[in-house]
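> Here is a sequence together with a model predicted from it:
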Amino acid sequence: MGPRWLLYSYDALGLGHVRRMLSLARAVLAERPDLSALLVTCSPQVDALPVPPGLDYIKLPSARKVGDGAYEPRTLRLDPVSLKTLRSGLLVDTARGFEPDLFLVDKSPAGLMDELLETLPHVHGRARLVLGWRDILDAPGRVSAEWRERDTLQVIERYYDEVWVYGDPAVFDLREAYGLPDWLAERVRYLGYLSPRVDPVLLGQARAAMARNGEPVAVVTAGGGEDGETLIGRYFEAVRRKLLPRDLRSVVVTGPFMAEAAQRQLRAEAPPGVRLKTFLPGLEHTLAAADVVISLAGYNTVCEVLGAGTPAVLVPRLRHHREEQRMRAERLSALGLVEHLDMDALTPRALTDAVSRALGRGRRRCTEARLDGLDRVAAHLRDLLPVSAEANA
């Protein structure tokens with residue numbers, strides 16, 4: 001029947017986790033038709049995203065982050081305890097019914113609200129358990145405090161065989177930054193940033209749709225949309241005040257999770273000539289086709305602009321005291337790969353100056369960090385789940 005691969009992620013803020021898992025599945029399944037791959041996600045946008053051939057998915061009831069470590073149902077009228085009970089039961093049933101050979105868990109070893117703690121004992125010993133981490137989790141002090149509070153290291157030590165880090169220690173070495181114990185550092189496998197492969201045909205189509213006459217194009221994106229109003233609003237101010245280059249065309253993507261009231265206000269305030277979109281499912285092609293990208297500093301967007309070599313201005317989100325985006329933007333800026341502006345310094349003039357510096361730098365190939373993470377994940381998964389005899393026959 002072929003090996004079975006189970007993937008788990010949750011998105012209580014934005015689209016980052018489900019997009020990352022879909023990218024991984026796409027890279028692996030392109031050359032592994034023998035795999036049965038099943039994604040468990042709670043993203044309400046999974047139907048709108050391009051799901052790769054060969055991947056099926058189960059949709060959990062969606063959750064929304066409302067505070068530090070606090071979640072509530074996004075739509076269902078349930079209390080948080082009932083939501084966790086419902087989701088946890090669905091996860092256990094999925095693991096029992098699917099019986100995976102490899103279980104890849106994104107970011108949180110115990111899952112959202114510890115909902116995986118009933119599933120992990122069932123899978124442990126029967127499947128290879130892998131934890132996937134992005135390049136930077138958060139500020140070291142905060143990570144250490146959370147790990148102590150939630151017994152994170154004990155969960156990893158007991159259940160997980162490997163930790164895949166989708167980054168490069170030359171940019172940020174989390175083994176050193178987070179003081180990983182030796183037993184955990186030995187399980188860490190750096191695989192590189194997950195920069196997507198861009199289809200040249202789709203790239204050309206994206207460019208033609210934005211600039212028919214060869215004009216330079218700026219793409220402004222707020223990721224999933226939460227916390228993006230300030231960034232887009234400042235960009236609108238710069239356009240209205242005619243601070244940006246006169247021939248620069250602007251495409252602004254608000255993101256599907258921006259509050260409807262905020263989207264209405266931005267639509268009303270959009271300067272003439274600015275194209276405003278709520279959501280683009282193939283955003284990586286749009287970012288690759290742009291001459292400059294202005295964005296929050298989320299992991300997936302960073303992978304896309306670095307992989308395409310598109311000049312970028314990163315404005316990190318700061319919410320619920322998370323510092324991951326600020327740390328990423330500062331480190332990449334120090335390496336000369338991006339322009340970086342903090343949200344509290346985001347004036348129309350400062351933004352214009354950063355855009356001018358990025359445009360002046362031009363498109364360049366990134367040599368400071370490994371960007372072949374998708375290929376390396378696919379190769380490593382071949383080692384963990386060899387091609388079945390039936391597929392080779």
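Arrived safely. Numbers count the residues shown, from 1 in each chain.
> what's the domain layout of the protein?
Listed by automatic domain parsing, the domain ranges of the chain are 4-193+371-392, 200-361.
> Format these as JSON lines; extra columns: mean neighbour count and mean pLDDT.
C-betas here are computed from N, CA, C, even on glycine. Shown next, in JSON lines, are the domains of the chain (neighbours: other CB atoms under 10 Å; pLDDT from 0 to 100):
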{"stretch": "domain 4-193+371-392", "mean neighbour count": "18", "mean pLDDT": "94"}
{"stretch": "domain 200-361", "mean neighbour count": "19", "mean pLDDT": "92"}
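> Contacts only, for residue 343.
Contacts for residue 343 were tallied using CB atoms under 8 Å, 6 or more residues apart in numbering; they are 230, 231, 315, 316, 317, 318.
> ditto for residue 234
Residue 234 touches 346, 347, 348, 351, counting by CB under 8 Å, 6+ apart.
> Let me see the ranges of the helices in the stretch 1-150 of the chain.
16-29, 80-98, 120-123, 140-150 (DSSP state H, counting those that start in this stretch).
> can you tell which of the ones you listed is closest to residue 57?
helix 16-29 (9.0 Å; CB to CB).
> name the helices or strands packed onto that closest one?
Based on contacts counted as 3 or more CB pairs under 8 Å, 6 or more residues apart in numbering; DSSP states H and E, the elements that helix 16-29 packs against are strand 4-8, strand 36-41, strand 55-59, strand 102-106, strand 128-134, helix 299-308, helix 373-384.
> quick one: the last one to strand 128-134, angle?
Taking axes from the mean of the first three to the mean of the last three CA atoms, to 10 degrees, one finds that helix 373-384 is oriented at 170 degrees with respect to strand 128-134.
> what's next to helix 373-384, contact-wise?
5, 23-24, 27-28, 30-32, 102, 128, 164, 166, 189, 191-197, 303, 370.
> swap in the second one?
Residues external to strand 36-41 that are found in contact with it (CB under 8 Å, 6+ apart): 1-11, 17-18, 21-22, 25, 28-29, 54-60, 90-91, 94, 98, 100.
> For the helices of the stretch 1-150 of the chain, give me a markdown table that also has distance to residue 293.
A markdown table is the format used below for those (distance: least, CB to CB, whole Å):
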| stretch | distance to residue 293 |
| --- | --- |
| helix 16-29 | 16 |
| helix 80-98 | 35 |
| helix 120-123 | 38 |
| helix 140-150 | 28 |
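> so how far is the host helix or strand of residue 209 off the chain centroid?
Using DSSP states H and E, residue 209 sits within helix 200-210. The chain centroid and the centroid of helix 200-210 are separated by 23 Å under CA atoms, centre = their mean, to the nearest Å.
> what distance separates the helix or strand following that helix from the centre of its chain?
Once the chain leaves helix 200-210, the next helix or strand it forms, by DSSP H and E, is strand 217-221. From the chain centre to the centre of strand 217-221 is a distance of 18 Å (CA atoms, centre = their mean).
> For strand 217-221, which strands pair with it and how are they oriented?
strand 249-253 (parallel), strand 292-295 (parallel) (DSSP bridges).
> Show me the one of these that comes nearest residue 147.
Between the strands paired with strand 217-221, strand 292-295 lies closest to residue 147; by CB to CB that is 29.4 Å.
> Can you tell me what sits against the closest one?
216-223, 231, 235, 287, 301, 305, 310-315, 351, 355, 358-359.
> at 7 Å what do you get?
With CB atoms under 7 Å, 6 or more residues apart in numbering as the test, strand 292-295 has contacts from 218-221, 235, 287, 301, 305, 310-314, 355, 358-359.
> and what of stretch 171-189?
Residues outside stretch 171-189 that contact it (CB under 7 Å, 6+ apart) are 135-137, 140, 143-144, 153, 156-157, 160-165, 331, 335, 369.
> ok so residue 275 is a strand residue?
Yes. Per DSSP: H, G, I helix; E, B strand; the rest coil, residue 275 lies within a strand segment.
> dump the residue contacts of the residue nearest to residue 90 when sequence neighbours are not counted.
In space, residue 90 comes closest to residue 60 once its chain neighbours are excluded; the distance is 6.0 Å by CB to CB, 6 or more residues apart in numbering. Residues near residue 60 by CB under 7 Å, 6+ apart: 40, 41, 42, 87, 90.
> Equivalent analysis for residue 51, please.
22, 57.
> what's it sitting at in phi/psi?
With angles defined as degrees, to the nearest 10, residue 51 sits at phi -90, psi 130.
> and what of residue 183?
Dihedral angles (degrees, to the nearest 10) for residue 183: phi -60, psi -30.
> CA-only coordinates of stretch 288-299, as PDB, when you get a sec.
Only the C-alpha atoms of stretch 288-299 are listed here, as PDB (Å, rounded to 0.1, in the frame of the first residue of the first chain):
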ATOM      1  CA  ALA A 288       8.900  37.000  -7.500                       C
ATOM      2  CA  ALA A 289       7.600  39.200 -10.300                       C
ATOM      3  CA  ALA A 290       7.800  42.400  -8.200                       C
ATOM      4  CA  ASP A 291      10.600  44.900  -8.300                       C
ATOM      5  CA  VAL A 292      10.300  45.500  -4.500                       C
ATOM      6  CA  VAL A 293       8.200  43.900  -1.800                       C
ATOM      7  CA  ILE A 294       7.000  45.700   1.400                       C
ATOM      8  CA  SER A 295       5.900  43.200   3.900                       C
ATOM      9  CA  LEU A 296       5.700  42.000   7.500                       C
ATOM     10  CA  ALA A 297       8.600  39.700   8.300                       C
ATOM     11  CA  GLY A 298       6.800  36.400   8.400                       C
ATOM     12  CA  TYR A 299       8.800  33.200   7.600                       C
END
